[in-house]
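**Q** Task: produce atomic coordinates for the following.
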Amino acid sequence: MAEGQSFEKYEVPPQPKVDILSILERGEIVRAETLEGFYPVQAITIKDDGKAIFRPDGFTYERLEKKEDLRTELELLAYSLDQVLEFGLVPPVVSRQLSDNAKGTFQKFIEDAELAENYGNNWPEVVSEAEILKAAVFDFLINAQDRHRGNFLVDPDSEKIWLIDHDDLMFTVKGFPSHILAEAVKRSLTELPEEIIRSVQRLYDKVNYLSPTSTDPRVSEILLGTKKRARELLDNRRIKVEKI
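**A** Predicted structure coming up:
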């Protein structure tokens, strides 16, 4: 570089933030492929903007009492709760319909993250304790019933956790208690720092104003339970669980 030369006038101006929700809702679909081993879940390629995971409505599970589940409503609810908490644990998700008339959710595909089950019992070693605590608080608040290692992702590079698959099994059907919550208790990560207390207080104050898309009474019950557990966290300033 010549003496006295400067790059100051060539600085790139601040770029607008990508509206990922708009992309998920309206981005042009280039390809839709069944995710190997996870039928009927599909991997969606969106023109110029990456990938999404499509989970259709109408899953049936042996443990569900009725065939039509609340998958879309609950996926959106989990994202809304995470947004109020500002934890950044639940990937952006929207309701969308594919060209074949299948309805469900488009959720941002998280690059470089893998299912925690790929790491077995060693998954806590590749994420930060701060992430474990935040995710444990989230699972405590929603009373997660199905947070096994196949229902969250880990990213070793960023030491981050991503929470996925918030359906009826996660919210309403007893299955697998949260592995993340159990790990937090095991590591004595139960005391809540002020930053998390503020997040929980914000959720407690706003939970009544969340507007679920469903009138199903189960959704209202979930929100009531979440508010009750938020109050417990605020009163105790720590996670208190009798048995996991």
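
**Q** Which segments of this protein make up each domain?
**A** Annotated domains of the chain cover 20-71+89-108, 114-236 [automatic domain parsing].

**Q** Distance to Gln83 added to those domains, as TSV?
**A** For glycine as for every other residue, the C-beta is placed from the backbone atoms N, C-alpha and C. Conversion of the domains of the chain to TSV gives the following (distance: least, Cβ to Cβ, whole Å):
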stretch	distance to Gln83
domain 20-71+89-108	8
domain 114-236	10
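
**Q** Most tightly packed of the ones you listed?
**A** domain 114-236 (a mean of 18; mean count of other Cβ atoms under 10 Å).

**Q** and the lowest-mean-pLDDT helix or strand in the chain, what other elements does it pack with?
**A** Every helix and strand in the chain was compared by mean pLDDT, DSSP states H and E; the lowest is helix 168-171, with a mean of 90. Counting by 3 or more Cβ pairs under 8 Å, 6 or more residues apart in numbering; DSSP states H and E, the packing neighbours recorded for helix 168-171 are helix 71-85.

**Q** Which positions within the helix it packs on qualify as buried?
**A** 71-82, 84-85 (16 or more other Cβ atoms under 10 Å).

**Q** so how far is that helix off the chain centroid?
**A** From the chain centre to the centre of helix 71-85 is a distance of 7 Å (Cα atoms, centre = their mean, to the nearest Å).

**Q** go on, stretch 31-41?
**A** Averaging C-alpha positions (Cα atoms, centre = their mean) puts stretch 31-41 20 Å from its chain's average.

**Q** ok, now stretch 86-96?
**A** The answer for stretch 86-96 is 6 Å, by Cα atoms, centre = their mean.

**Q** What are the boundaries of the helices in this structure?
**A** Here the chain has its helices, by DSSP state H, at 20-26, 71-85, 129-142, 168-171, 179-186, 194-206, 217-236.

**Q** Tell me where the model's unsure across the chain.
**A** Filtered on pLDDT under 70, the chain yields the residue ranges 1-18, 59-68, 175, 212-213, 243-244.

**Q** quick one: contacts for the residue nearest to the spatial centre of the chain?
**A** Most central in the chain under Cα atoms, centre = their mean is Val90, positioned 2.2 Å from the mean C-alpha point. Residues near Val90 by Cβ atoms under 8 Å, 6 or more residues apart in numbering: 78-79, 81-82, 162-164, 166.

**Q** Same question for Ser178.
**A** 136, 139-140, 144, 147, 244.

**Q** Go again with 6 Å.
**A** 139, 144, 147 (Cβ atoms under 6 Å, 6 or more residues apart in numbering).

**Q** which among the residues you listed gets closest to Glu36?
**A** Arg147 (23.2 Å; Cβ to Cβ).

**Q** The closest one and Trp162: what is the separation?
**A** Counting by Cβ to Cβ, to the nearest Å, the separation of Arg147 from Trp162 is 12 Å.

**Q** Check Lys108 too.
**A** 9 Å.

**Q** Endpoint to endpoint, stretch 88-106 covers what distance?
**A** Start-to-end span of stretch 88-106 (Cα to Cα, to the nearest Å) is 17 Å.

**Q** So what's the gap between it and the chain middle?
**A** Offset of stretch 88-106 from its chain centre (Cα atoms, centre = their mean): 13 Å.

**Q** now do stretch 38-49
**A** Here stretch 38-49 is found 18 Å from its chain centre; the criterion is Cα atoms, centre = their mean.

**Q** CA atoms only: put that stretch into PDB for me.
**A** Coordinates of each C-alpha in stretch 38-49 appear next as PDB, following Å, rounded to 0.1, in the frame of the first residue of the first chain:
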ATOM      1  CA  PHE A  38     -36.900 -38.100   9.500                       C
ATOM      2  CA  TYR A  39     -39.900 -38.600   7.200                       C
ATOM      3  CA  PRO A  40     -42.100 -36.600   6.700                       C
ATOM      4  CA  VAL A  41     -39.800 -33.700   7.700                       C
ATOM      5  CA  GLN A  42     -38.200 -32.000   4.700                       C
ATOM      6  CA  ALA A  43     -35.100 -29.900   4.000                       C
ATOM      7  CA  ILE A  44     -36.100 -26.800   2.000                       C
ATOM      8  CA  THR A  45     -33.800 -24.800  -0.100                       C
ATOM      9  CA  ILE A  46     -34.800 -21.100  -0.500                       C
ATOM     10  CA  LYS A  47     -33.500 -19.100  -3.400                       C
ATOM     11  CA  ASP A  48     -30.400 -17.100  -2.500                       C
ATOM     12  CA  ASP A  49     -31.100 -17.300   1.200                       C
END
